[in-house]
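> This is the structure alone, sequence omitted:
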């Protein structure tokens with residue numbers, strides 16, 4: 001099981017939260033008719049999810065590099 005409380009995951013999730021909110025602030029829907037882009041909480045949540053997935057991919061790549069160096 002992955003440890004999502006490692007510093008790598010926490011940093012990427014926080015960056016994702018900030019990115020999701022920035023997307024809402026700069027690009028979001030001004031009329032309020034777009035349910036996903038008009039709510040900052042939803043966009044921050046999606047950003048956190050993308051940050052988690054990016055951290056997972058990054059940690060997988062680091063494991064592959066480490067295992068290749070050991071061989």
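All right, it came through fine. Computed from a predicted model, the values in this text were never measured in an experiment. Numbering: from 1, shown residues only.

> At the geometric centre of the chain, which residue do we find?
In the chain, the centroid-proximal residue (C-alpha atoms, centre = their mean) is residue 51; its distance is 1.3 Å.

> Can you identify each of the strands in this protein by residue range?
Counting by DSSP state E, the chain forms no strands at all.

> Let me see the ranges of the helices in it.
Secondary structure of the chain (DSSP state H): helices located at 7-26, 40-70.

> okay if I get those as a markdown table plus distance to residue 33 and mean pLDDT?
(Each C-beta comes from the backbone N, C-alpha and C, glycine too.) Putting those into a markdown table (distance: least, C-beta to C-beta, whole Å; pLDDT from 0 to 100) gives the following:
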| stretch | distance to residue 33 | mean pLDDT |
| --- | --- | --- |
| helix 7-26 | 15 | 94 |
| helix 40-70 | 14 | 92 |
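
> so how far is residue 62 from the residue nearest to the centre of the chain?
Note on residue 51: its distance to residue 62, by C-beta to C-beta, to the nearest Å, is 16 Å.

> same deal with residue 19?
21 Å.

> same thing with residue 16?
For residue 16, the distance to residue 62 - C-beta to C-beta - is 18 Å.

> Name the residue in the two with the higher neighbour count.
More neighbours surround residue 16 than the other of residue 16 and residue 62, with 22 against 11 (other C-beta atoms under 10 Å).

> Quick one: residues contacting the residue lying closest to residue 11 once chain neighbours are set aside.
Nearest residue to residue 11, sequence neighbours excluded (C-beta to C-beta, 6 or more residues apart in numbering): residue 55, at 7.6 Å. Contacts for residue 55 were tallied using C-beta atoms under 8 Å, 6 or more residues apart in numbering; they are 8, 9, 11, 12, 13.

> Same question for residue 48.
Residue 48 neighbours (C-beta under 8 Å, 6+ apart): 13, 16, 17, 20.

> for these, which one is nearest residue 37?
Nearest to residue 37 out of these is residue 20 (C-beta to C-beta; 10.3 Å).

> For that closest one, grab the count of nearby residues.
Around residue 20 there are 22 residues (other C-beta under 10 Å).
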